[in-house]
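>>> build the 3D model from these lines:
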Amino acid sequence: MCLIFFLFGCNLSSCSKVPLRQYHYVNIKMTWHGAQQYCREKYTDLATIESMDDINRLKADFSYSWAWIGLKDDPKSWKTLTNDTNSWRWSATGETSKTTFNNWKRNEPNRNNGNESCVQIRTGGLWSDKNCEILQPSVCYNVTEQNKKTYTLISTKKTWRSAQKYCRTHYTDLAVIENSAENSAVDSVRQLKGEAWIGLYRVPWAWADKSQSSFRHWRTSGPNNFGGDQFCIVESEGGHYWDDDECDKYYVALCHQVSKVKRVLKLVTVTDADLSSPAINNQLLLQFGAMLRNQGYTDVKLQWKIQPR
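Numbering: from 1, shown residues only. The predicted structure follows:
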């Protein structure tokens with residue numbers, strides 16, 4: 001008995017010569033959400049672009065200067081503590097708040113200039129988002145044997161990432177704050193040094209098709225969130241650079257169609273297990289399927305096939 005693998009889609013190493021996506025320009029002006037709906041009806045989704053190879057395969061044949069692609073930074077995801085992939089999460093856990101506690105200053109977070117993805121605590125224990133490259137003090141924390149957090153001010157000014165590294169080396173991590181008492185404790189150690197980093201951060205921008213690619217191709221001035229409401233991404237005709245713009249503006253669109261590549265692999269095994277047992281067969285199929293998906297195969301269908309002796 002052998003196991004036949006039918007693989008649709010592929011990982012980068014096994015199918016590097018086969019484009020995962022085919023791109024299509026749609027010369028109809030639409031809002032970002034209108035373009036997303038159109039692309040999902042006619043193709044797969046608004047375009048996801050994951051590498052310079054994808055960029056080099058694009059054709060600048062649309063009749064306008066900019067076209068929508070599938071990258072968006074939905075304010076619903078980051079103006080509150082949600083479970084969305086680009087929402088706020090704690091450095092120590094990589095997860096959102098367990099208690100949903102927050103203490104944002106009025107009109108914060110605001111993504112000012114399009115580059116504020118880390119959080120500081122300031123006067124009155126209020127939080128605001130800030131450019132992660134700003135140099136300022138930070139607050140680290142440890143956990144006692146009684147499962148209580150203790151906080152320490154690090155007065156040396158660092159970027160958020162450098163502060164995170166320091167706290168992880170000498171303490172547990174940058175401060176985690178889950179309730180008003182902890183917030184007051186952090187505020188009390190912060191007061192002599194003004195604003196200070198805490199452990200809240202986020203990774204902005206999410207692809208419409210849920211791709212986790214971090215590839216970006218910004219033009220020099222973008223993104224800048226000009227006017228405070230630029231949450232969707234357009235691609236330029238010349239150079240295929242990206243910039244942010246208001247989602248309700250009308251542009252043409254760039255869609256993608258996922259290319260499916262069928263592959264058949266044979267696996268020969270030596271085992272004492274009873275491979276004629278349906279229960280064992282189903283369990284093996286589940287295990288092999290999980291293994292292949294962990295290797296980057298996007299759509300896996302498995303079946304048993306009995307070969308002639």
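>>> please count neighbours and contacts with C-alpha atoms only from this point.
Noted.
>>> what is the least confident helix or strand in the protein?
Using mean pLDDT, DSSP states H and E, strand 2-8 stands out as the lowest-scoring helix or strand of the chain, at a mean of 50.
>>> excluding its backbone neighbours, what's nearest residue 77?
Nearest non-adjacent residue to residue 77, counting by CA to CA, 6 or more residues apart in numbering: residue 87, 5.1 Å away.
>>> contacts only, for the one you found.
Contact partners of residue 87, counting by CA atoms under 8 Å, 6 or more residues apart in numbering, are 77, 78, 80, 81, 96, 202, 203, 204.
>>> mind checking the SS state of the fourth one?
Under the three-state scheme (DSSP: H, G, I helix; E, B strand; the rest coil), the conformation of residue 81 reads as coil.
>>> helices of the stretch 151-300 of the chain, start to end?
Along the stretch 151-300 of the chain, counting by DSSP state H, counting those that start in this stretch, helices occupy 160-170, 180-190, 278-294.
>>> need those helices in CSV (columns: mean pLDDT and distance to residue 148).
Converted to CSV, those look like this (pLDDT from 0 to 100; distance: least, CA to CA, whole Å):
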stretch, mean pLDDT, distance to residue 148
helix 160-170, 98, 17
helix 180-190, 96, 10
helix 278-294, 72, 37
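>>> any idea which of the ones you listed gets closest to residue 42?
When these are compared for distance to residue 42 using CA to CA, the nearest one is helix 278-294, at 26.9 Å.
>>> tabulate the helices of the stretch 151-300 of the chain (TSV), appending distance to residue 142 and mean neighbour count.
Putting these into TSV (distance: least, CA to CA, whole Å; neighbours: other CA atoms under 10 Å) gives the following:
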stretch	distance to residue 142	mean neighbour count
helix 160-170	9	18
helix 180-190	12	18
helix 278-294	34	13
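>>> compare these and give me the one nearest residue 244.
Using CA to CA, the nearest of the helices of the stretch 151-300 of the chain to residue 244 is helix 160-170, at 24.2 Å.
>>> what sits up against that closest one?
For helix 160-170, using CA under 8 Å, 6+ apart, the contacting residues are 91, 118, 132-135, 138, 140-141, 173-174, 197, 199.
>>> if we can go back for a sec, okay, buried residues for the next helix-or-strand element following the least confident helix or strand of the chain please.
Sequence order places strand 21-30 as the next helix or strand after strand 2-8, per DSSP states H and E. Neighbour-count burial for strand 21-30 flags 21, 22, 23, 24, 25, 26, 28, 29, 30 (criterion: 16 or more other CA atoms under 10 Å).
>>> and which of these is nearest residue 154?
residue 21 (47.6 Å).
>>> show the pLDDT at that closest one.
pLDDT recorded at residue 21 is 86.
>>> residues contacting it?
Counting by CA under 8 Å, 6+ apart, residue 21 makes contact with 256, 257, 258, 259.
>>> now do whichever strand or helix holds residue 41 against strand 21-30: the angle between them, please.
Element membership of residue 41, judged by DSSP H and E, is helix 32-42. Using axes from the mean of the first three to the mean of the last three CA atoms, to 10 degrees, one finds that helix 32-42 and strand 21-30 are set 130 degrees apart in direction.
>>> counting contacts, what elements does helix 32-42 pack onto?
strand 45-46, strand 66-72, strand 251-258 (3 or more CA pairs under 8 Å, 6 or more residues apart in numbering; DSSP states H and E).
>>> before we move on, the earlier item: just among the contacts of residue 21, which is most surrounded?
residue 256 (23 neighbours; other CA atoms under 10 Å).
>>> surely that one and residue 26 touch.
No - applying CA atoms under 8 Å as the test, residue 256 and residue 26 come out as separate, 10.5 Å apart.
>>> pipe the helices and strands packed on helix 32-42 into TSV and attach mean pLDDT and distance to residue 184 per row.
Formatted as TSV, the helices and strands packed on helix 32-42 follow (pLDDT from 0 to 100; distance: least, CA to CA, whole Å):
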stretch	mean pLDDT	distance to residue 184
strand 45-46	98	45
strand 66-72	96	35
strand 251-258	94	48
